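[1] quick one, what's the 3D model for this:
(4 chains)
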4 protein chains.
Amino acid sequence: MIVNMRYGATDQEIDHVIERVRELGYQPHVIRGAERTIIGVVGKSQAHRSELEALRAAPGVEDMIPIAQPFKLVSLELRRERTVVNVGGVLIGGDELVVIAGPCSVESREQILETARALKAAGAHMLRGGAYKPRTSPYEFQGLGLEALQILREARQETGLPIVTEIMSTEEVDVVSEHADMLQVGARNMQNYPLLRRLAATPRPILLKRGPSATIKEWLLAAEYLLAGGNPNVVLCERGIKTFETETRNTLDLAGVALAKELSHLPVIVDPSHATGRRSLVPATARAAVAVGADGLMVEVHPCPERALSDGPQSLDFRGFEEMMRGIKEPLRRAAAATAR
Amino acid sequence: MIVNMRYGATDQEIDHVIERVRELGYQPHVIRGAERTIIGVVGKSQAHRSELEALRAAPGVEDMIPIAQPFKLVSLELRRERTVVNVGGVLIGGDELVVIAGPCSVESREQILETARALKAAGAHMLRGGAYKPRTSPYEFQGLGLEALQILREARQETGLPIVTEIMSTEEVDVVSEHADMLQVGARNMQNYPLLRRLAATPRPILLKRGPSATIKEWLLAAEYLLAGGNPNVVLCERGIKTFETETRNTLDLAGVALAKELSHLPVIVDPSHATGRRSLVPATARAAVAVGADGLMVEVHPCPERALSDGPQSLDFRGFEEMMRGIKEPLRRAAAATAR
Amino acid sequence: MIVNMRYGATDQEIDHVIERVRELGYQPHVIRGAERTIIGVVGKSQAHRSELEALRAAPGVEDMIPIAQPFKLVSLELRRERTVVNVGGVLIGGDELVVIAGPCSVESREQILETARALKAAGAHMLRGGAYKPRTSPYEFQGLGLEALQILREARQETGLPIVTEIMSTEEVDVVSEHADMLQVGARNMQNYPLLRRLAATPRPILLKRGPSATIKEWLLAAEYLLAGGNPNVVLCERGIKTFETETRNTLDLAGVALAKELSHLPVIVDPSHATGRRSLVPATARAAVAVGADGLMVEVHPCPERALSDGPQSLDFRGFEEMMRGIKEPLRRAAAATAR
Amino acid sequence: MIVNMRYGATDQEIDHVIERVRELGYQPHVIRGAERTIIGVVGKSQAHRSELEALRAAPGVEDMIPIAQPFKLVSLELRRERTVVNVGGVLIGGDELVVIAGPCSVESREQILETARALKAAGAHMLRGGAYKPRTSPYEFQGLGLEALQILREARQETGLPIVTEIMSTEEVDVVSEHADMLQVGARNMQNYPLLRRLAATPRPILLKRGPSATIKEWLLAAEYLLAGGNPNVVLCERGIKTFETETRNTLDLAGVALAKELSHLPVIVDPSHATGRRSLVPATARAAVAVGADGLMVEVHPCPERALSDGPQSLDFRGFEEMMRGIKEPLRRAAAATAR
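    Numbering: from 1, shown residues only, chains lettered A, B, ... in the order given. Got it, this is the predicted structure:
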């Protein structure tokens, strides 16, 4: 941590900061420049970090500048081996690109079974489908709940595709864990800390979507909650951030995917459907995600998008999904692997 | 709803949309322009709105443009009388500006009692303080929980100031409702729908903070969840949105406050502390909030900001709070009222 | 400047940086922490600052963190006296709030003369009107050019209101300077450096609008170009920044106004018309701008907004302007002054 | 254009709009819904479009919703054949991926010649280098001007690589056109309309960078200025937009590249250096750009990035550039072509 004292800070103000730094168990290193004084703060203990940061409010202090990354367990700096997450036998973060596909919402048994079969045939590795839906308006379809979970389980039994579904509340953790292979934390819940703490204690792997206004560091800190609470099986999912550009539903941040992989050992996948909100852009952005080095994709597919109860405009139909799969085949993946550091 | 057909959409595609619109119980009105065809869709029923919207995925459709506002119960269009929310005798949305103040976190009994007395003396109407804290990092202070609630209750007994505190999870609703007069939904939980649905069923009034990436309409839709679920006592709180400007913690959207009051009958207050993240900017932005027509303020105050366990840099000390209170006195409020429509 | 070395940087990498720092004429101060090494760089000369910053690209360097503000001449740190800009006898930045008003574009002689008289009667201090218009589409009205300048000059002769008009190109500087009292740099030209350098050499005061994606610091650096080039008469104008919120045309950043006044001695005014894009929000945001401490307002007024060739929806008519003027009278200004530091 | 009347708009207000629509030469189509009335406006003429839009300011009007795209000449809807731009024999928008590379600024003859040779050897097609530099601070290196242009010309003579360089002002057009093969409009000048109008009249092809806060549509409208003014040889360049994420210099919008190619027939290239601001992210994002379907890349390369006078941290050295080139070879391009519509 560096304490940047204000231009014109008095000796008394500087001494006060130095004293408080020592009181908290850190060592201050004072550098007096032409215009300002800065104080480098060094120390092994993290015990009083919050109290150290509060010094930003002390007289004469302009700013406190953190030097170390705020996350530890997710950091590639501190653990050089990349994490591979096993979801019902599918390995995410390993050599093979993993494709998760399925409809936004589970609408009926028929819809899911038909979809699961088509996805399996086209080469998908996992099935997604929403049972509990976060909807912006209370008047929109809110999901089939338990019934949806049972339908998803039936689809897994038939096709062998492991299941991932979103969890919205601590109260749903037990029932969803019983039915699904992987639990998804939606973008709007990325900073729902009671939920993260509860999920840290389940044996299920977690798919953690990036919040629409979360920086890469905030996203990694949300993952840190899961690892710190005891669950090492976390997959990150980029799904676009909120910007001034409204032609696409969100702005897909593929440089952020490359950066997340530079900063963390966790696998990172990409959801081009929510990122763009437009079916026509899904194949191209899926290819780009693979080329940038993503470990997998999560794509919305519906038997008849124009009759979907949610997210129809961004859903591929079966034929569209097959075409997308042809476009992301091996060359891209090999190109990514060949030039990765 | 207006269906905007693509340039070059075929007659078959247009007919398909018309047919589906009728099938869903709406009336289509076709307008053929020089370059494009648009279809106005009219109908009383809201029953099939999602299915109507799914037509965006139909062949030849470029876009679906909603005409009516997506919210109903919170709308000033449909209910012309402004809501006044009674919190333990304090009226928010009435003639008097309401000032809520207190520390970010409840840290000790002494801190809260001392603060409550100072706030009361300076003219505050309600006391805030966090018992359960949403923190970006798992390594930061997470709040005192139940003990904090008991301390807050004691402060109310002594000073008469009603209490507002944040609630983060459905599981905390009962215990927090027992101790607090008003329940706050934090910015990061604005779209935590299970929480909103649960809070819709409590008798306590709700303070609903705007999410850092929520548009005004998304914020009003979150409030709609509360009203639709049976709780009409909702106060909106603007606390800044996330933008590219990082000199301030968030970007305070005061035009958004004026717009929220134009669109909705709910009271709107402003939190200049979180919006700016800098103590020095709090008094000026508090005055601006009053002048723009806000019904109240929520301000962070700590006996010794440089020792606060959270948000010290944006907290006023007691003297700073007194000065701020002098700056927001009646003239501003009267100016706002005099020129309001 | 602080050099933040990577976790695991080698001694060789650290020594290389130290050597290069010395080579450039600065003094390095090395602080070795538990996990990382940082190097504080101190020195009077600014001559090699760019070369110093380039060290960010050296092996083992994670980041270079600037400590001092990048601007000098505009800084309130280095010049404690506030600037007052005299525009044809009107003082901006002094004791009185200055109101600039007029239409977006000069459309006809009659329109301008009628407007100038109405504004004068309602208490405005200066007249605005566009002669050369920056329009997003090439198919929109592009302004009357020289004819507009002559009309504005006639309006000044009759009413005594000094004139401000936008300048878009170095080639227009001479002719516009001849007719107008103040030259406006539009938001989209805030970082048009050839234009800034040319305007630095005129004797006319400059109104510098904040770019839609400019941070406060970038805005102040644009002003620094003007002062560094020899023109000290600069007024800053906040007109909203581009964010994800599209209900308003831009997001008015009033905390940014308070911050600009904290960082710089230059006067700051606010344009609520472009910031909101909605006439109904102009009076409330104008009041808020005054309360936050702005030195003036710039407001669009048109005799008949629904027939305006540009910006009609955000323009007040004469009656609306009179009402706005009643709402921003003295109390707000006094409240701002009384609690300002 | 659709006129969306307010809830509760009176018959008189509706009639006023209808009358004005007819007066402007358009045909109104009135649709009365359950809650609101909308008026579809149809007509061939574009002559009175601004006046039509001004109706947004008429009493009882809530909103005007445009239906057609605001651009014409750049639109793929209206001209189905893709543009191929010939720059000194290099075809951009054709079958082959075009790689433009070089330093941010021309610093010396030796630097440029050495770089040009290395780039040529590694397979680059064109050379970039800044002669006139837009710099955020007036205290930073501003470019060598004419001398730089002469050095670039010498490099072309030796290597055969066509030259692209930025132009910042109408006054530089003649001299830069004389030396360079392609003129670049920088991101901060994307909406510098006098410059665009002047460049529309040159015979040189234009590289038009997207502004940091420009939507796709605003970017295409800037290109429309060039085509409408007579210059059809325009290449678009995505270089990242400004968002809340500050870990990368900008946020690279690759979905925007796919969308720009869906909306327009113009070629689109990507600048991963400015988009990310970090050398380590350039190879991965370059691969992603190719996979998403970009027609080319523009990459910063410097013989010794840590001594660059500008943009060192985002510049590749020669070896880094060679590695990047190996990573973007044919498979990616073929994958993009194979699945493009």
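
[2] pLDDT weak spots in chain A?
    Scanning chain A for pLDDT under 70 picks out A:44-47, A:330-341.

[3] 90 instead, please
    A:1, A:7-8, A:32-36, A:42-54, A:66-70, A:77-80, A:133-143, A:308-313, A:327-341 (pLDDT under 90).

[4] and it, what are its domains?
    Domain assignment for chain A by automatic domain parsing gives A:2-65, A:85-339.

[5] so which of the ones you listed is the most surrounded?
    Of those, the one with the most neighbours on average (mean count of other Cβ atoms under 10 Å in any protein chain shown) is domain A:85-339, at a mean of 22. Where C-beta positions appear, they are placed from N, C-alpha and C, glycine not excepted.

[6] what residues does chain A put near chain C?
    A:2, A:4, A:7-8, A:29, A:31-36, A:38, A:40, A:42-44, A:65, A:67-68, A:77-78, A:242-244, A:246 (Cβ under 8 Å from any Cβ of the partner chain).

[7] switch to 7 Å and redo it
    A:2, A:4, A:7, A:29, A:31, A:33-36, A:38, A:40, A:42-44, A:65, A:67-68, A:77, A:242-244, A:246 (Cβ under 7 Å from any Cβ of the partner chain).

[8] residue ranges of the helices in chain A, please?
    Under the criterion DSSP state H, chain A contains helices at A:11-23, A:49-53, A:109-122, A:146-159, A:173-179, A:193-199, A:216-228, A:254-263, A:272-276, A:282-292, A:318-327, A:330-339.

[9] now check the third one, is it near chain B?
    No - counting by Cβ under 7 Å from any Cβ, chain B has no neighbours in helix A:109-122; the shortest distance is 13.3 Å.

[10] how about TSV for the domains of chain A, with distance to C:G229 added?
    Shown next, in TSV, are the domains of chain A (distance: least, Cβ to Cβ, whole Å):
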stretch	distance to C:G229
domain A:2-65	23
domain A:85-339	32
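
[11] for C:L55, find the nearest of the ones you listed.
    Smallest distance to C:L55 across the domains of chain A (Cβ to Cβ): 17.0 Å, for domain A:2-65.

[12] for that closest one, measure first residue to last.
    This stretch, domain A:2-65, spans 5 Å end to end (Cα to Cα, to the nearest Å).

[13] now do that domain: distance to the chain's middle.
    Centroid displacement of domain A:2-65 relative to its chain, using Cα atoms, centre = their mean, to the nearest Å, is 34 Å.

[14] so it, near chain B or not?
    Yes - for domain A:2-65 and chain B, the contact criterion (Cβ under 7 Å from any Cβ) is met by A:46, A:50-51, A:54-58.

[15] in strands only, show me the residues of chain A next to chain C.
    A:2, A:4, A:29, A:31, A:38, A:40, A:42, A:65 (DSSP state E).

[16] state the pair within those residues that is farthest apart.
    The largest separation in these, counting by Cβ to Cβ, is between A:N4 and A:V42 at 15.7 Å.

[17] surely A:M168 touches B:Y193?
    Yes - applying Cβ atoms under 7 Å as the test, A:M168 and B:Y193 come out as touching, 6.5 Å apart.

[18] what touches both of those two?
    With contacts defined as Cβ atoms under 7 Å, 6 or more residues apart in numbering or on different chains, the residues shared by A:M168 and B:Y193 are A:P134.

[19] closest one to C:A260 out of the residues of domain A:2-65 next to chain B, please.
    For the residues of domain A:2-65 next to chain B, the residue nearest C:A260 by Cβ to Cβ is A:R56; the value is 21.0 Å.

[20] which residues touch A:I163?
    The contact partners of A:I163, taken as Cβ under 7 Å, 6+ apart, are A:127, A:152-153, A:156, A:180-181.

[21] got the residues of the stretch 101-250 of chain A near chain D?
    Residues of the stretch 101-250 of chain A lying near chain D (Cβ under 7 Å from any Cβ): A:213, A:215-217, A:241, A:243-245, A:247-248.

[22] as CSV, those with distance to chain B would be great.
    Below are those laid out as CSV (distance: Cβ to the nearest Cβ, whole Å):
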residue, distance to chain B
A:S213, 3
A:T215, 9
A:I216, 13
A:K217, 9
A:I241, 8
A:T243, 9
A:F244, 9
A:E245, 13
A:E247, 10
A:T248, 13
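
[23] what's the farthest-apart pair in these?
    A:K217 and A:E247, at 27.5 Å, using Cβ to Cβ across those.

[24] residues making contact with stretch A:104-115?
    Residues from elsewhere that reach stretch A:104-115 (Cβ under 7 Å, 6+ apart): A:102-103, A:129-131, A:133, A:141, A:143-144, A:148, A:151-152, A:155, A:158, A:300-301, A:303, A:308-311, A:315.
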